[in-house]
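K.L.:
Sequence first, then the predicted structure, then my questions.
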Amino acid sequence: MRGEVAVEVLTDFPERFAPGAALYVGPEGAEPEAVRLEGARPHRGRLLLHFEGVTDRDEASALTGQYVFIPQSEARALGPDSYYPHELIGLEVVTAEGQAVGRVADLLETGSADVLIVRGADDGPETLVPMIGEVIGEVDLDAGRITITPLPGLLDAP
C-alpha cells in the first residue's frame, strides 16, 4: 500500500495498532504530532503502518527515524514488579544500608534480565545493576528510590 511506514515494535501491547487508533509521531525529545492509524499489517518482523494523510512514499519517508507514541495517560497498567522504562529513569538508587549509588540514567533490555545503568553523582562512574530479585529490594516510585542489595563486586570501582 502506498504511504506505509515500517516500524519496529517496542511495545508489549501491539494490539494498540488497530485501525482508527489515535497515535503520536515525532522525533525523540520533541513535541509529537497527532495522527490517526488507518491500517497495520505485519511484514518481516515489523509492522507496516498506514497513517491518515500519508499517501505516498515521500510523505512516508519524511517519518523515517521518528517514534510512534501514545499518551502516558493511555499506558496499560502493568502487573506487580513490572515498570515502564520512563518510570525508572531518574530514580535514586541506594543500598539497603543507605549508601548512595547514583540515579538511573537508562535501561538495557537483555535476553535474561533488564539492567539499570546507574550514573554516580556529578557524572560519576556508571554501575550496571541487574533487575533480578537477589539485587532489587524495593522500587518505590512515590519516593523516587530503588533500594538494592548489591552482589559481591557490583559496587567495586573499575
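P.N.:
Alright, I've got the coordinates.
K.L.:
Name the residues of stretch 61-79 that come out as buried.
P.N.:
Of all the residues in stretch 61-79, those buried under the rule 16 or more other Cβ atoms under 10 Å are 63, 66, 68-70. Quick note: C-beta positions are derived from backbone N, CA and C, even for glycine.
K.L.:
What count of nearby residues applies to R103?
P.N.:
R103: 19 surrounding residues under other Cβ atoms under 10 Å.
K.L.:
Looking at it now. What's its pLDDT?
P.N.:
pLDDT, R103: 96.
K.L.:
Just put the buried residues of stretch 61-79 in CSV and tack on distance to G120, pLDDT and secondary structure.
P.N.:
Listed next are these as CSV, based on distance: Cβ to Cβ, whole Å; pLDDT from 0 to 100; DSSP: H, G, I helix; E, B strand; the rest coil:
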residue, distance to G120, pLDDT, secondary structure
L63, 38, 89, coil
Q66, 33, 91, coil
V68, 34, 89, strand
F69, 31, 85, strand
I70, 33, 84, coil
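K.L.:
Closest one to S82 out of those, please.
P.N.:
Ranked by distance to S82 (Cβ to Cβ), the buried residues of stretch 61-79 are led by I70 at 17.2 Å.
K.L.:
contacting residues for the closest one?
P.N.:
By Cβ atoms under 8 Å, 6 or more residues apart in numbering, the contact list for I70 reads 16, 23-24.
K.L.:
Just confirm E59 is within a strand.
P.N.:
No - if the criterion is DSSP: H, G, I helix; E, B strand; the rest coil, then E59 is helix and not within a strand.
K.L.:
coming back round to it: where strands are concerned, which of the contacts of I70 count?
P.N.:
The strands, defined by DSSP state E, take in 23-24 from the contacts of I70.
K.L.:
what's the longest strand along the chain packed up against?
P.N.:
Ranked by residue count under DSSP E, the longest strand found in the chain is strand 33-43. Strand 33-43 sits against strand 22-26, strand 46-51, with contacts defined as 3 or more Cβ pairs under 8 Å, 6 or more residues apart in numbering; DSSP states H and E.
K.L.:
partners of that strand in the sheet?
P.N.:
Sheet pairing for strand 33-43, assigned by DSSP bridges, gives strand 22-26 (antiparallel), strand 46-51 (antiparallel).
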